[in-house]
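> Got a predicted structure plus its sequence, pasted below:
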Amino acid sequence: MRAFYAASLLWITRSMSGWPGLLQVDAADPQWPARWLDAVGLERGIPLILIGYVLAGIVVAILPQWRPARLAYFLLLLQYMALENGFGKINHGLHAWLFVSGLLVLLPSRRWPSRRSIAERHYFLSVFVACQLMVLFFYTLTGLWKVFYNVEALINPAHTSSLHFSGFSRILASRILETNQDTLLGEIVVRNEIVGWALFNATMYLEGASVLIAFRPRLHRPWGFGLILVHMGTQLTMGFTFPENILLVGLLLVCSPIAPDRMSINEAVLDLPGIHLLSRRWKRLAAARGPAWNEPRCDSRRRDPVEHLIDR
């Protein structure tokens with residue numbers, strides 16, 4: 001909790017470089033949460049949002065256990081994002097952060113003792129699991145849209161689909177030419193088409209199946225590392241990333257409070273989406289065939305022939 005709200009000050013500080021420009025704008029089309037700016041005027045409303053955003057971030061970083069502070073930060077972050085996205089372009093960096101801050105308001109508003117009852121622990125964990133589910137749902141939506149658009153492009157020969165072996169390399173090359181931006185691994189992926197194809201399909205799998213991981217604690221940490229590697233890969237190849245999401249994944253999955261401290265690799269592999277379904281179907285098939293299907297075959301040469309005949 002404290003790490004989450006301390007990091008919120010980082011996003012506030014980073015955004016301050018654009019505030020002089022915000023204070024000088026004379027026309028904006030804010031999103032619906034900040035429509036009240038049309039009534040009070042931009043010259044009065046924008047300073048109120050910026051000052052309130054800073055104060056709410058400072059107070060909640062000091063007193064994260066105080067629910068009014070968490071609620072104020074959520075509302076001021078909503079106002080700031082509604083203003084910032086009111087100039088014809090939607091920035092998605094803080095969307096997941098906004099939803100998680102809204103869910104954290106549900107935590108109790110009282111002193112958090114070091115020793116809590118089982119009911120209080122369950123309440124805390126329920127809120128954290130809801131935050132995990134929300135963040136992973138964002139990734140699943142992203143992955144499913146990737147699948148949809150690439151299948152659509154695969155059907156339409158006029159478009160380039162990343163499902164082709166050379167598809168992602170072509171899309172990446174086109175982006176590099178349009179943005180004129182050099183990346184560390186962009187040229188390597190363009191020249192090695194099979195590498196780009198494998199990485200992009202692995203990304204679609206990681207993102208598309210993410211929502212299932214909320215219910216499989218054994219995979220929280222490895223899946224979290226996988227999603228962080230996806231963000232690192234986009235930075236290395238395409239030149240952009242979402243640091244807010246990296247921190248969210250690190251806090252909620254890599255540092256998951258319900259992930260086991262120890263687990264076997266076999267258990268983790270069997271929990272993977274797709275493999276988990278196949279393993280369950282195999283177990284049901286084995287159970288339907290009877291106990292003999294699960295037991296090793298007996299060697300009649302080492303047993304009495306009469307006993308073997310009776311068993312058969």
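Arrived safely, thanks for sending. Residues are numbered from 1 along each chain as shown.

> give me the low-pLDDT residue ranges for the stretch 51-200 of the chain?
Under the criterion pLDDT under 70, the flagged ranges of the stretch 51-200 of the chain are 110-116.

> which residues in it form helices?
Using DSSP state H, counting those that start in this stretch, the helices of the stretch 51-200 of the chain run over 67-84, 95-104, 118-155, 167-179, 186-191, 193-208.

> Can you list the helices and strands that the longest one packs against?
Just to be clear, that refers to helix 118-155. helix 95-104, helix 193-208, helix 210-213, helix 243-249 (3 or more C-beta pairs under 8 Å, 6 or more residues apart in numbering; DSSP states H and E). C-beta: built from backbone N, CA, C; applies to glycine.

> for the shortest one, same thing?
Packed against helix 186-191 by the contact rule (3+ C-beta pairs under 8 Å, 6+ apart) you find helix 167-179, helix 193-208, helix 220-238.

> at 6 Å instead, please
helix 167-179 (3 or more C-beta pairs under 6 Å, 6 or more residues apart in numbering; DSSP states H and E).

> Tell me the helices and strands packed up against the helix it packs on.
Helices and strands touching helix 167-179, by 3+ C-beta pairs under 6 Å, 6+ apart, are helix 186-191, helix 193-208.

> Just send the helices of the stretch 51-200 of the chain back as CSV, with distance to Leu251 and mean neighbour count too.
Output for the helices of the stretch 51-200 of the chain, formatted as CSV (distance: least, C-beta to C-beta, whole Å; neighbours: other C-beta atoms under 10 Å):
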stretch, distance to Leu251, mean neighbour count
helix 67-84, 15, 21
helix 95-104, 9, 19
helix 118-155, 9, 16
helix 167-179, 30, 17
helix 186-191, 30, 17
helix 193-208, 18, 18
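
> now the ones you listed in a markdown table, with distance to Ile228?
Output for the helices of the stretch 51-200 of the chain, formatted as a markdown table (distance: least, C-beta to C-beta, whole Å):
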| stretch | distance to Ile228 |
| --- | --- |
| helix 67-84 | 23 |
| helix 95-104 | 14 |
| helix 118-155 | 12 |
| helix 167-179 | 20 |
| helix 186-191 | 19 |
| helix 193-208 | 10 |
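
> right, and the ones you listed - which one's nearest Met16?
The closest of the helices of the stretch 51-200 of the chain to Met16 is helix 67-84. By C-beta to C-beta, the value is 11.4 Å.

> re the thing from before, between the helices and strands packed on helix 167-179, which one is closest to Ser161.
Short answer: helix 193-208, nearest of those by C-beta to C-beta, at 10.3 Å.

> what does the closest one contact?
139-140, 142-144, 146-147, 162, 165-166, 168-169, 189, 226, 230 (C-beta atoms under 6 Å, 6 or more residues apart in numbering).

> what's the most distant pair in the residues you listed?
Based on C-beta to C-beta, the longest span within the contacts of helix 193-208 runs between Thr140 and Ser166 and measures 27.1 Å.

> follow-up on the earlier one: nearest to Arg35, of the contacts of helix 193-208?
Out of the contacts of helix 193-208, the member with the shortest distance to Arg35 (by C-beta to C-beta) is Thr142, at 28.4 Å.

> How about the contacts made by the closest one?
Thr142 touches Glu207, counting by C-beta under 6 Å, 6+ apart.

> burial of the spatially closest residue to Asp26 that is not a sequence neighbour, as a residue count?
Excluding the flanking residues, the one nearest Asp26 by C-beta to C-beta, 6 or more residues apart in numbering is Leu42, at 6.8 Å. Neighbours of Leu42 under the rule other C-beta atoms under 10 Å: 19.

> Good, wrapping up.
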